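> show me how the following folds:
(chains A and B)
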Amino acid sequence: MKAPLPEYDSAHQPHTSVREFTALLSYRDFVLQLVSRNLKVRYKRSALGIVWSMLGPLLSMAVLSVVFTRVFRSTTPNYPLYLFPGLLLWNFFAQTVSIITAEVVGGIDLWRRIYTPRAAFAVATTLTGLVHLLLALVPLLLLMLALGAPLTPALLAVPAIVVCAALFALGLGLAVASVAGHFADVGDMFQIVLTTWMYFTPVIYPREILPASLQPVWRLNPMAHLIEAFRMPFYEGRVPSTGLFATIAFIGLATCAIGWWLFTRTAEELARRG
Amino acid sequence: MADPQRVAASVATAAHAVRLDDVAVQYRVPRSRGLSLKAWAASRAWRHGHFAHEALRGVSLEVRQGESLAVVGANGSGKTTLLRVIARVMSPTSGRVRIRGRVAPILDVVGAIHPELTGRENIVLNGTLLGLSRRETEARLERIVDFAEIGPFIDAPMRTYSAGMVARLGFAVASDTDADILVIDEALGVGDERFQRKCAARIDAILATGSTFILVSHDMHTVRRLCSRALWLDAGQVRANGPVDDVVAAYQEAQR
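Predicted structure coming up:
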């Protein structure tokens, strides 16, 4: 009468990492509903709604620009345009990782009540962040026009760079969440790490002002590479070099693979903990 | 209601829908409330902070397609854990679980309901949470809204709903997924008496389509009415497994 019944056998299961991935694919509608929930809930009771996704970053960029050009007398040419892309990507990264950690820790309760692919909330959070980032590109492009910066074909490279950044954020979020599921303090601790991390990343200052002693260490910071690559098409109208592209692709894929493996390995145990 | 004799005859030849072999589930329960890094460092060993609780031990069970099984037992006997294993909410610590068909667990009616979303939006969210596609859920929308009797509130945020309305909506979604195996936790005293009769009627209708049914309940009247067989769990182990009247009688005898 119907298609053959799906069979489940706890003794013949593919490796958790693979199983979670196929489960996620079959629950893709749930993931998309979560994204739409996240967006709706965020702006449910506000008059300007989704406009805040564009206005918020623009205002913080304006404040920082004034502070750095007027107070600190930054000599970086076209400073607002230098600052804005880096700020957007950093905010996307920091918010995605923090929210994933909070959602996973808060969502363990749901895991005990109903079956859902464990990574559904994390992936939905990353996609939600991407929507906000996409919206924030509108004021960025407007800023470019206002400052007379050329819109070059290099901008076509932006989606690929964003994908690398999203994989990195998702992977790190899953890794932090696996540890935070065991120790609630890790979530709070990571907030401090994030703040410190931002000041060690050339977001609000150019890389050149780092002291000579820190120059070799700079290369160890994955976010520095990602932000540098993301900024190029907007600020310099250039496509990142093949070397830089390879670096950020590796950073994204490797982090995502490690985070996924860690997370799927610990998720089952977290669900079983009373 | 389905004719018990006819059901019994068709069940005898049917293949298994649920099969458990020597299943055990162990929970790791923290000794203290806190789960902080400091406490962990102080105890230095991860194991010290927890003790193992065996919620299920050596449970073997077979439920045939179209059969209706009741699970009875005292609080803490492992009934809910058994349902969770069948609903794939958790995997067994040891042993083997085999399920043939799609399981609709009505273990929890709240699901992922969000107070800021409208009833309609929550129906789609919860339908996809139960494994339906968005399209399948939207096709059921009107029927679910009708059944839940939410009226004009359906387009209002769910924070404005009464507890009864939330539970009705949750039940309406969870019981409308066309699953092959229906798993219900008793705690579903959903809504008032009239709505409970409506829920019972819907369960009867689902059973009549040949679905497999597993019910956890403390209400022996419901158990006798809906199920042909019963499983008695005691401290995580099977104490009895057989025709509903025999098992219920033995269980009630032991309760006295």
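> C-alpha only now, for contacts and for neighbours.
Fine.
> ok, residue 125 - contacts?
Unless you meant another one, I'm taking chain A. Neighbouring residues of A:Thr125 by C-alpha atoms under 8 Å, 6 or more residues apart in numbering or on different chains: A:Val35, A:Asn38, A:Thr96, A:Ile99, A:Ile100.
> you looked at the wrong chain, it should be chain B
So B:Leu125 contacts A:Phe30, A:Gln33, A:Leu34, A:Arg37, B:Ala112, B:Ile113 (C-alpha under 8 Å, 6+ apart).
> tell me which element the second one falls in.
Yep, that's A:Gln33 we're talking about. helix A:28-43 (DSSP states H and E).
> run through who's touching that helix.
With contacts defined as C-alpha under 8 Å, 6+ apart, helix A:28-43 is touched by A:49-50, A:120-121, A:123-125, A:127-128, B:116-117, B:124-125, B:128-129, B:131, B:133-134.
> which bits of chain A sit near chain B?
A:5-11, A:26-27, A:29-30, A:33-34, A:37, A:40-41, A:44, A:110-116, A:182-186, A:268, A:271-274 (C-alpha under 8 Å from any C-alpha of the partner chain).
> tell me the buried residues in stretch B:203-220?
Buried residues in stretch B:203-220, counted by 16 or more other C-alpha atoms under 10 Å in any protein chain shown: B:203, B:206-207, B:210-218, B:220.
> for that stretch, the distance to its chain's centre please.
Relative to the chain's own centre, stretch B:203-220 is displaced by 11 Å; criterion: C-alpha atoms, centre = their mean, to the nearest Å.
> A:Leu127 - nearest residue in space that isn't next to it in sequence?
Counting by C-alpha to C-alpha, 6 or more residues apart in numbering or on different chains, A:Val35 is the residue found nearest to A:Leu127 once chain neighbours are left out, at 6.7 Å.
> where do the helices of the chain begin and end?
No chain specified, so I'll use chain A. Ranges of helices in chain A, per DSSP state H, are A:16-26, A:28-43, A:51-66, A:79-113, A:120-147, A:158-180, A:185-199, A:215-218, A:222-235, A:242-272.
> not quite, go with chain B.
For chain B, applying DSSP H gives helices covering B:4-13, B:37-43, B:79-86, B:119-129, B:134-148, B:163-174, B:193-208, B:220-226, B:244-255.
> export the ones you listed as a markdown table, with columns for mean pLDDT.
Formatted as a markdown table, the helices of chain B follow (pLDDT from 0 to 100):
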| stretch | mean pLDDT |
| --- | --- |
| helix B:4-13 | 51 |
| helix B:37-43 | 59 |
| helix B:79-86 | 90 |
| helix B:119-129 | 92 |
| helix B:134-148 | 92 |
| helix B:163-174 | 86 |
| helix B:193-208 | 84 |
| helix B:220-226 | 88 |
| helix B:244-255 | 92 |
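> relative to A:Ile248, which of these is closest?
Nearest of those to A:Ile248, taken as C-alpha to C-alpha: helix B:37-43 at 32.9 Å.
> okay, now the unreliable bits of chain A?
A:1-4, A:45, A:47, A:273-274 (pLDDT under 70).
> now do 90
A:1-20, A:22-23, A:39-80, A:102-118, A:147-151, A:179-189, A:199-200, A:202-219, A:264-274 (pLDDT under 90).
> quick one on the thing from earlier: okay, now the residue nearest to A:Leu127: neighbour count?
Counted by other C-alpha atoms under 10 Å in any protein chain shown, the residues lying close to A:Val35 total 21.
> kindly report the same for B:Glu136.
As a burial measure, B:Glu136 scores 14 neighbours (other C-alpha under 10 Å).
> likewise the one 3 residues further on?
Applying the criterion other C-alpha under 10 Å, we find 11 residues in the vicinity of B:Ala139.
> quick one: it from chain A, how far?
Distance from B:Ala139 to chain A, counting by C-alpha to the nearest C-alpha, to the nearest Å: 14 Å.
> how about the spatially most central residue of chain A, nearest residue that isn't a chain neighbour?
By C-alpha atoms, centre = their mean, chain A has its centre lying nearest to A:Phe93, at 3.4 Å. Nearest residue to A:Phe93, sequence neighbours excluded (C-alpha to C-alpha, 6+ apart): A:Ala169, at 5.5 Å.
> residues contacting that neighbour?
Counting by C-alpha under 8 Å, 6+ apart, A:Ala169 touches A:Phe93, A:Ala94, A:Thr96, A:Val97, A:Thr126, A:Cys256.
> try 7 Å this time
If a contact means C-alpha atoms under 7 Å, 6 or more residues apart in numbering or on different chains, then A:Ala169 has A:Phe93, A:Thr96, A:Val97 as its contacts.
> and which of these is nearest A:Ala157?
For these, the nearest to A:Ala157 is A:Phe93 (18.7 Å; C-alpha to C-alpha).
> what about A:Thr75, how many neighbours?
11.
> quick check: phi and psi on it?
phi -100, psi 0 (degrees, to the nearest 10).
> chain neighbours aside, what residue packs nearest to it?
Nearest to A:Thr75 is A:Thr69, by C-alpha to C-alpha, 6+ apart, at 7.4 Å.
> from chain B, how far out is the one you found?
With C-alpha to the nearest C-alpha as the criterion, A:Thr69 and chain B are 42 Å apart.
> what parts of the stretch 1-150 of chain B come near chain A?
B:27-29, B:35-37, B:88-91, B:96-102, B:107-108, B:116-117, B:125, B:128-129, B:131, B:133-134 (C-alpha under 7 Å from any C-alpha of the partner chain).
> and if we set it to 6 Å?
Applying C-alpha under 6 Å from any C-alpha of the partner chain, we find that the stretch 1-150 of chain B lies next to chain A at B:27-29, B:35-37, B:89, B:96-101, B:125, B:128-129, B:133-134.
> list buried residues within the residues you listed.
Listed as buried from the residues of the stretch 1-150 of chain B next to chain A are B:27-28, B:35, B:37, B:89, B:96-101, B:125, B:128-129, B:133-134; burial here means 16+ other C-alpha under 10 Å.
> of these, closest to A:Leu210?
Nearest to A:Leu210 among those, with distances taken as C-alpha to C-alpha, is B:Leu37, at 34.3 Å.
> run a quick neighbour tally on whichever residue of the stretch 101-250 of chain A sits closest to chain B.
The stretch 101-250 of chain A approaches chain B most closely through A:Tyr115 (4.5 Å), counting by C-alpha to the nearest C-alpha. Residues near A:Tyr115, counting by other C-alpha under 10 Å, number 17.
> same deal with A:Gly148?
Per other C-alpha under 10 Å, the neighbour tally for A:Gly148 reads 9.
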